[in-house]
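Peer 1: I would like the atomic coordinates for the input below:
(chains A and B)
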Amino acid sequence: MVMTDGVHGPVLGPVEMLVLNVVLITFCFFLLCRPNHSAKREIFVLASIAVAGAASRILLEPFPNVQPLTVMCLIMGASLGARRGMAFAVIATMISNLVLSHGWWTLFQASGWAFVAFAGSKLNLVLRSEVAMKRLIVASIVASVLFDWWVSLSIITSGTTLADFVIYLLNGLPFDALHAVASIASAVWIAPYLATLLHEETSRIDEPIVSGEADVISA
Amino acid sequence: MKRILVVFCLILLTLIPISSAEEFESKNWEIDLENGYITTKPIFVGDQIIVRTSGYWTGDDRPRVYSFDSNTGEEIWRFSNLNSTNHDMSPLLYIEAGMGACGNWSEMVIVGWTDGKVTALDVSNGSLIWSSQTEVVTWGITGAMAQDDDGVVVPTRQGLSRFCLSDGGENLRIDLPQLGWRNGVTVTEQSYLLGNEEGVVNIINKSGEISNYSVGMGKIRHAPIQTQAGILVHLQTSGGSEIYLGSELLSEEGPSPAIPLLFEGDVFFATSESISVWNCEGTCTFEGRSIFHSNGEITVQKMGTNSTIWFPRNTPGGGWGYGIPGQEITVYSTNHDTYTTAGVGFGPDGQMAFGNDAGILMVISGDQNDTEIIEQKEEFEKEEANSSFQVRPGHFLIVGLFIGIIVSYTNANRNVVAKLSVLLLLVVSIMVLPAISQLWSEEVGKISDAPGDWDEEWPEEWKDTQIVVFELPDGEVVIGGLSGHENVEQLTDNAALELGIEVEKESFSIGDMIVSFNGHELDGWEFTIDGERIQTGISVAEVGEDSVVRWYAA
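Peer 2: Residues are numbered from 1 along each chain as shown, chains lettered A, B, ... in the order given. Here you go, the predicted structure:
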């Protein structure tokens, strides 16, 4: 008798779930506690937008794979840098998964969106408050599809063959396409306002003497 | 200070799900019976829940009937039939205490077994009240029994018997020429209705006179449904299934029909392709259909004036769908989901009991807020009686966006045109996704189809039937023309029986495995279905009506 593990891969026990939470939270901690000069206001802005990002996932849950969070991660990474962008991605994922269900897949979603934010910090998507729209649209399409494929890895168990996984990815292509279309819409509708908001809020915070927080991550 | 604030907020995030999980655990319970499939719905009797298993079909272990305290999960009693030949799929029948012409009887649960036995068990302690024997032709009783006043009517392998509830004495016996399988009996005012493997509906007068009519080329594997419009039958055919009202074909349906349910004039059907509902008050009219895979027991949850129909989902993803065909079907999922054919049991206080092919029984409290079962809303394609175009909110949104684009374009507001166009694309994409996804999935399914394993030397009449090949050391042995088996284990067992091949099996935590055929252990045995190796065990590997199962030495 073979028992299946559902569509999200292995089911985690309480200890495994605790380890997962500790890993994600430790990751956030180290991202948010450097550099030391950041103002409380920056944390407040970050937290507010993280809650908004989580809320967007929850509200749009009835629509399969419509994920504005992907574009938000790109903009957050581009505007606040890799550290803050990645922290935003992990926090928004954890908050939304409290409602949408939390498990093994959270690790893949959080790391996937964190990588999207990291990519956003490197792609020059926002110059001051101006969004490079064409570049953002291309980035959001690529990020959406790659994110979906990355999260699909969470379904792999010891019994999954390469052929099974390829078939799974092929079955998901229409959903990948919808994610990409939703990301284009998010880029057009949300990104300019988000970039402006972040610019206005963070410009009030004193510029640090030394910049280049993203370099810490890339190193 | 900032670090403390950050750590505090983040730790709060981890505490919320943990505290929620503890609350769930205090209300509901579950147990792995480790005794094979649960293929019939658990029944609530007072503070007890009674459930049966159909066994692993191997070793010394045999199917059992269990009683648990429905609130705590504590086992109260269990009853095992050591002579069962397994495949015990006859639903449990609860009988209230009463009296009749043939005597008085106490509260009991009646169990039909594949060794032909009918046992009446005391509900309070599981002790045997009486036992009677019916005929065995490979199997004994597999269909649903029914109470008729002071008697219990039992669909046997090749006929029908009626036993007095007080002492188990047989007071009616009907021998029939056709074999039956899961062919439940229906009790009407004047007669008993019984189908069989040859598509014949027998109408047996309570004094024993028989009349019958042939529905078609196929198998009737449920109790015929008596409606105001006539007798309804869901016939399983080699290519799918057909719904008949009397001898009139109402509809052609998908394969592996479920056991239909009559509720307040509506009859609910299910197959591997869809679930549907027909209203049969006066005449039978089609009411609605939704895409959903269900092959087992359909059950009704009565909640005051509202009632919900539940369908077990017989796919690897498992779970139970509920709703009305033609409307949105919602799926209940659990942490133990797998193939499922057992209906949901409902308690008097809103409790629900779920059993699946993994042999796991899950009981949840009546308070829906405390359920640990995860409710997932899934969209299934649906078709309503009037399937013409229907206006939905999304259509208004599309029209509104079109108007907005045209107005913006005429005002030369290119920026807004671009924004609205993208939004329009998104709305349309969301609306067409289910249809595109299904079409795409079918195309992908063709890529992943099995390579096939047909041998041109086999008789033509074996085409579209189930075939089993044994590559034994002393030569290949093949049997074809089989049908009606749902998994590799059932098909192999029957094929081996027909060919006189001795099968030795062993149970492991991952399921049953073949140890030897005719004493040949070799380095183990593996199988393919239609030429493709299968990852799952023999008891869960599904076969179609035209599958070729090939056994070969590892």
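Peer 1: please count neighbours and contacts with C-alpha atoms only from this point.
Peer 2: OK.
Peer 1: select the longest helix from chain B.
Peer 2: helix B:414-447 (DSSP state H).
Peer 1: counting contacts, what elements does it pack onto?
Peer 2: helix A:162-171, helix A:173-189, helix B:393-410 (3 or more CA pairs under 8 Å, 6 or more residues apart in numbering or on different chains; DSSP states H and E).
Peer 1: so how far is it off the chain centroid?
Peer 2: Here the centre of helix B:414-447 is set off from its chain's centre by 34 Å, with CA atoms, centre = their mean, to the nearest Å.
Peer 1: what does stretch B:69-87 give?
Peer 2: With CA atoms, centre = their mean as the basis, the mean position of stretch B:69-87 lies at 20 Å from the chain mean.
Peer 1: where in the chain is pLDDT low?
Peer 2: Let's take chain A. Within chain A, the stretches with pLDDT under 70 are A:1-14, A:33-40, A:159, A:204-219.
Peer 1: that answer is for a different chain, and I need it for chain B
Peer 2: Per-residue confidence of chain B (counting by pLDDT under 70) places the weak regions at B:1-27, B:55-61, B:86, B:366-392, B:442, B:445-451, B:507-511, B:523, B:534-536, B:554.
Peer 1: all helices of it, in order?
Peer 2: Across chain B, reading from the start of the chain, the helices by DSSP H fall at B:2-25, B:393-410, B:414-447, B:488-499.
Peer 1: repeat that for chain A.
Peer 2: Under the criterion DSSP H, chain A carries helices at the ranges A:14-32, A:40-59, A:69-80, A:82-100, A:104-122, A:133-152, A:162-171, A:173-189, A:191-203, A:213-218.
Peer 1: single out the most deeply packed of the ones you listed.
Peer 2: Each of the helices of chain A was given a mean neighbour count from mean count of other CA atoms under 10 Å in any protein chain shown, and the largest, a mean of 30, is that of helix A:69-80.
Peer 1: quick one, domains of chain B?
Peer 2: Taking automatic domain parsing as the domain assignment, the ranges for chain B are B:393-447, B:460-553.
Peer 1: which residues are in contact with B:I259?
Peer 2: Taking CA atoms under 8 Å, 6 or more residues apart in numbering or on different chains, we find B:I259 in contact with B:R221, B:H222, B:A223, B:F269, B:A270, B:N295, B:G296, B:E297, B:I298.
Peer 1: if you rank those by neighbours, which is first?
Peer 2: Neighbours were tallied for each of the contacts of B:I259 (criterion: other CA atoms under 10 Å in any protein chain shown), and the maximum of 32 neighbours falls on B:A270.
Peer 1: not counting sequence-adjacent ones, nearest residue to that residue?
Peer 2: Across the structure, with CA to CA, 6 or more residues apart in numbering or on different chains as the measure, the residue nearest B:A270 apart from its sequence neighbours is B:A258 (5.1 Å).
Peer 1: surely the one you found and B:T299 touch.
Peer 2: No - in this structure, B:A258 is not within contact of B:T299 by CA atoms under 8 Å, at 11.0 Å.
Peer 1: show the backbone phi and psi for the residue in the stretch 151-300 of chain B that chain A sits nearest to.
Peer 2: Using CA to the nearest CA, B:H293 is the residue of the stretch 151-300 of chain B that sits closest to chain A, at 16.3 Å. For B:H293, the backbone dihedrals are phi -100, psi 110 (criterion: degrees, to the nearest 10).
Peer 1: go on, B:G218?
Peer 2: With angles defined as degrees, to the nearest 10, B:G218 sits at phi 170, psi -170.
Peer 1: same question for B:Q228.
Peer 2: When quoted as degrees, to the nearest 10, the phi and psi of B:Q228 stand at phi -60, psi -30.
Peer 1: contact partners for it?
Peer 2: Applying CA under 8 Å, 6+ apart, the residues contacting B:Q228 are B:G265, B:C280, B:E281, B:G282, B:T283.
Peer 1: ok, now how distant is the residue of the stretch 151-300 of chain B closest to chain A from B:C164?
Peer 2: 39 Å (CA to CA, to the nearest Å).
Peer 1: more neighbours, the two?
Peer 2: Under the criterion of other CA under 10 Å, the comparison of B:H293 against B:C164 puts B:H293 first, with 25 against 22.
Peer 1: can you pull the contacts of the more buried one?
Peer 2: Going by CA under 8 Å, 6+ apart, the list of residues near B:H293 reads B:A270, B:T271, B:S272, B:E273, B:S274, B:I275, B:R313, B:N314, B:T315.
Peer 1: how many neighbours does the second one have?
Peer 2: Residues contacting B:T271 under the criterion other CA under 10 Å number 26.
Peer 1: follow-up on the earlier one: need the helices of chain A in CSV (columns: distance to chain B).
Peer 2: Formatted as CSV, the entries for the helices of chain A read as follows, by distance: least, CA to the nearest CA, whole Å:
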stretch, distance to chain B
helix A:14-32, 6
helix A:40-59, 7
helix A:69-80, 15
helix A:82-100, 7
helix A:104-122, 13
helix A:133-152, 12
helix A:162-171, 6
helix A:173-189, 6
helix A:191-203, 12
helix A:213-218, 18
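Peer 1: quick one: closest of the ones you listed to B:T39.
Peer 2: Proximity to B:T39, assessed across those by CA to CA, is greatest for helix A:162-171 (28.4 Å).
Peer 1: chain center to that closest one: distance?
Peer 2: 24 Å.
Peer 1: stretch B:461-479 now?
Peer 2: Mean-position distance between stretch B:461-479 and its chain equals 28 Å (CA atoms, centre = their mean).
Peer 1: which positions within it qualify as buried?
Peer 2: Judged by neighbour count using 16 or more other CA atoms under 10 Å in any protein chain shown, the buried positions of stretch B:461-479 are B:K463, B:D464, B:T465, B:Q466, B:I467, B:V468, B:V469, B:F470, B:E471, B:V478, B:I479.
Peer 1: list of residues touching that stretch?
Peer 2: Contacts made with stretch B:461-479 from outside it, assessed by CA under 8 Å, 6+ apart, are listed as B:238, B:480-483, B:491-492, B:495, B:499, B:517, B:520, B:544-553.
Peer 1: give me that answer again for 6 Å
Peer 2: Judged by CA atoms under 6 Å, 6 or more residues apart in numbering or on different chains, the contacts made with stretch B:461-479 from elsewhere in the structure are B:G480, B:G481, B:L482, B:S483, B:E545, B:D546, B:S547, B:V548, B:V549, B:R550, B:W551, B:Y552.
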